[in-house]
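[1] pasting a predicted model and its sequence here:
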Amino acid sequence: MLKKCTDIVNGFIEKLKDRLGKNEKVIVKGTGAAFLGICAFNISSFFLLLAKTRLMPASDVGLIVLAKSIVLTAFILGNGFSGAVFRYASIFRGERARDRIKGVVVVAYRYVVPILFLIFLLITAFAGHIAVNIFHKPQLVILIRILALMVFFKIITNINAALLRSKYLVQYYYFFDVGVQLLMLLLVFILFVFGQRNFLIMFAVAWTVAQLFVMTRSFFIVKREFPFVFDGKIKSREYKKKFFLFAFVTQITSILIRFRLEISIFIIGFFLLTSDIALYNVALQMGMAAGMLVQGLNSIFPAVTGVLYGQDRIREIRKLHSRTAGILLAIALLVFIFFLLFGRFILGIFGTYYVAAYIPLLIIAFSFIIESGVGPAGRILNMMGKPQYNTVNTLIALAMTVVLCYALVPVYKVAGAAVAFAASNIVKRLLMLGEVRWLYRVKETKPA
């Protein structure tokens, strides 16, 4: 009986492969690799979160989440470079232009490292003011300074990961993060064995050391996959104006996206306790699992889109988008039903205190059903040269999040923050869908 079922499944897969086109096969393969990476990332995230919630009180968990949010927000200016590297490396790869790909990398690193280092110095200098005068939590000072160095390493790693994704090597995008988390757990264990008991500092230091190791490793992988970037005989062909124009627009979008993700935490930290931040953080991390396949698709779909767009094959992009969105919607619905039935049990694993995150979890997970149904529309807008649309969409979502958080958090606490996030996420995704459909019509009817 088992053999018969296996034969039926294998036969279905072979028929499916025969019906897929070349680009669909790339997407399926890339999404599968990314999905495995996401699963590994979610598993390692689960155990890391479990370690934090079991080893530290909820107030300390909230404190390290708040410190991370502050540092990531401060480093926003470095995020646009990885987006620009990904887009132009994907397009130039379709043109087999090694000199242009090298130019993209050279321009990125020539400017990004000094900017990141300057931001690091500013955060270190103003950590006391931020911690004491804004959030009234002196314990944040040392955490902000340690995690600032971690994020410095992380953004450089992200640039390397973006270059690798342009070659469809999407697995590294997630495995870098998985490596950081596993190394964190190992380092915390080692520090514990050697008698350290300040888990708040232990997690912060372990995070920074682990990120440094992974960043170093990422350079070796880039050198192996893109040897011509380090070949002095190949001259770089640089397009500074195009690169920085795209990076600037995506920079603004990154600022808005990051601020939108962190504003709920900031407002909870201002009105409520750090233990409430911990509650919201667990609900958010678990709820985002409903859209984890979207994350996998977003890792490979833009690279394929970049190549197709460079060849003016708009109809094929539209067909791929439509097919993938339907599959993502079905999977997201199944994940939501799973949370509906077993959410309380899963939250209880972190501790009885976290069971209170059940309703916020369902609210957040529901918004990812809509996001999954929209598919990779936002990434398609970027690859079709319209990142400004994403900027406007994110600005609208940010405004909604801020207004709703200020109105709902003081009254409904963590559930209010979840409603603010979910409502703004749904509006943003629907705007993206409308815009990308309009672009399809315009591009398809445009005379050759």
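    Yep, that arrived. Source: prediction; values computed, not measured.
[2] I figured residue 431 hits residue 394, correct?
    No. Judged on Cβ atoms under 8 Å, residue 431 makes no contact with residue 394 at a distance of 9.6 Å. Where you see a C-beta, it was placed from the backbone N, CA and C, and this is true even at glycine.
[3] give me the more crowded residue out of those two.
    residue 394 (24 against 20; other Cβ atoms under 10 Å).
[4] in what element of secondary structure is the residue nearest to that one when sequence neighbours are not counted found?
    Ranked by Cβ to Cβ, 6 or more residues apart in numbering and with sequence neighbours excluded, the top spatial neighbour of residue 394 is residue 256, at 4.0 Å. Under the criterion DSSP states H and E, the helix or strand holding residue 256 is helix 240-271.
[5] tell me the buried residues in that helix?
    243-244, 246-247, 249-269, 271 (16 or more other Cβ atoms under 10 Å).
[6] what mean pLDDT does it get?
    For helix 240-271, the mean per-residue pLDDT is 78.
[7] looking at the chain, which helix is longest?
    helix 387-445 (DSSP state H).
[8] so which other helices or strands are in contact with that one?
    Other elements packing on helix 387-445 under the criterion 3 or more Cβ pairs under 8 Å, 6 or more residues apart in numbering; DSSP states H and E are helix 240-271, helix 274-287, helix 314-349, helix 358-374, helix 377-383.
[9] so for residue 199, which of those helices sits nearest?
    For the helices and strands packed on helix 387-445, proximity to residue 199 was assessed by Cβ to Cβ; helix 274-287 is nearest, at 13.5 Å.
[10] the closest one vs helix 314-349, what angle?
    130 degrees (axes from the mean of the first three to the mean of the last three Cα atoms, to 10 degrees).
[11] okay, the angle between helix 274-287 and helix 358-374?
    For helix 274-287 against helix 358-374, the angle by the same axes, to 10 degrees is 40 degrees.
[12] just the CA trace of helix 274-287, in PDB.
    As requested, the backbone C-alpha atoms of helix 274-287 are provided in PDB (Å, rounded to 0.1, in the frame of the first residue of the first chain):
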ATOM      1  CA  THR A 274       9.400  45.000  28.400                       C
ATOM      2  CA  SER A 275       7.600  41.700  29.300                       C
ATOM      3  CA  ASP A 276       4.800  42.900  26.900                       C
ATOM      4  CA  ILE A 277       7.400  43.400  24.200                       C
ATOM      5  CA  ALA A 278       8.500  39.700  24.700                       C
ATOM      6  CA  LEU A 279       4.800  38.700  24.300                       C
ATOM      7  CA  TYR A 280       4.400  40.600  21.100                       C
ATOM      8  CA  ASN A 281       7.700  39.400  19.700                       C
ATOM      9  CA  VAL A 282       6.700  35.700  20.200                       C
ATOM     10  CA  ALA A 283       3.300  36.300  18.500                       C
ATOM     11  CA  LEU A 284       5.000  38.100  15.600                       C
ATOM     12  CA  GLN A 285       7.700  35.500  15.000                       C
ATOM     13  CA  MET A 286       5.200  32.600  15.200                       C
ATOM     14  CA  GLY A 287       2.600  34.500  13.100                       C
END
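[13] what residues of that helix count as buried?
    Using 16+ other Cβ under 10 Å as the test for burial, helix 274-287 gives 274, 276-287.
[14] against which helices or strands is it packed?
    So helix 274-287, by 3+ Cβ pairs under 8 Å, 6+ apart, packs with helix 22-55, helix 58-74, helix 240-271, helix 314-349, helix 358-374, helix 387-445.
[15] OK, contacts around residue 313?
    Neighbour list for residue 313: empty [criterion: Cβ atoms under 8 Å, 6 or more residues apart in numbering].
[16] do you know the pLDDT at it?
    78.
[17] may I have the phi/psi pair for it?
    When read as degrees, to the nearest 10, the backbone of residue 313 gives phi -100, psi 70.
[18] which stretches of this protein have low pLDDT?
    1-35, 77-80, 93-96, 238-240, 247, 249-251, 253, 292-307, 309-310, 444-448 (pLDDT under 70).
[19] neighbours around residue 144, how many?
    By other Cβ under 10 Å, 23 other residues sit near residue 144.
[20] so which bits of the helix or strand hosting it are buried?
    Assigning secondary structure by DSSP H and E places residue 144 in helix 140-165. For helix 140-165, the neighbour count (16+ other Cβ under 10 Å) marks 140-165 as buried.
[21] what is the subsequent helix or strand relative to it?
    Next in sequence after helix 140-165, counting helices and strands by DSSP H and E, comes helix 171-193.
[22] tilt between that following helix and helix 140-165?
    Interaxial angle, helix 171-193 versus helix 140-165 (the same axes, to 10 degrees): 150 degrees.
[23] next, the buried residues of helix 171-193.
    Neighbour-count burial for helix 171-193, counted by 16+ other Cβ under 10 Å, picks out 171-185, 187-188, 191.
[24] need the CA coordinates for that helix. PDB is fine.
    Provided in PDB are the C-alpha atoms of helix 171-193 (Å, rounded to 0.1, in the frame of the first residue of the first chain):
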ATOM      1  CA  GLN A 171      20.100  28.800   0.200                       C
ATOM      2  CA  TYR A 172      22.900  31.000   1.500                       C
ATOM      3  CA  TYR A 173      20.500  33.800   2.300                       C
ATOM      4  CA  TYR A 174      18.900  31.700   5.000                       C
ATOM      5  CA  PHE A 175      21.800  29.400   6.000                       C
ATOM      6  CA  PHE A 176      23.900  32.400   7.000                       C
ATOM      7  CA  ASP A 177      21.200  33.300   9.500                       C
ATOM      8  CA  VAL A 178      20.800  29.700  10.600                       C
ATOM      9  CA  GLY A 179      24.600  29.600  11.100                       C
ATOM     10  CA  VAL A 180      24.500  32.700  13.300                       C
ATOM     11  CA  GLN A 181      21.700  31.200  15.500                       C
ATOM     12  CA  LEU A 182      23.300  27.800  15.900                       C
ATOM     13  CA  LEU A 183      26.700  29.500  16.800                       C
ATOM     14  CA  MET A 184      24.800  31.700  19.300                       C
ATOM     15  CA  LEU A 185      23.400  28.700  21.100                       C
ATOM     16  CA  LEU A 186      26.800  27.000  21.100                       C
ATOM     17  CA  LEU A 187      28.600  30.100  22.400                       C
ATOM     18  CA  VAL A 188      26.000  30.700  25.100                       C
ATOM     19  CA  PHE A 189      26.500  27.100  26.200                       C
ATOM     20  CA  ILE A 190      30.300  27.500  26.300                       C
ATOM     21  CA  LEU A 191      30.000  30.700  28.300                       C
ATOM     22  CA  PHE A 192      27.600  29.000  30.700                       C
ATOM     23  CA  VAL A 193      30.000  26.100  31.200                       C
END
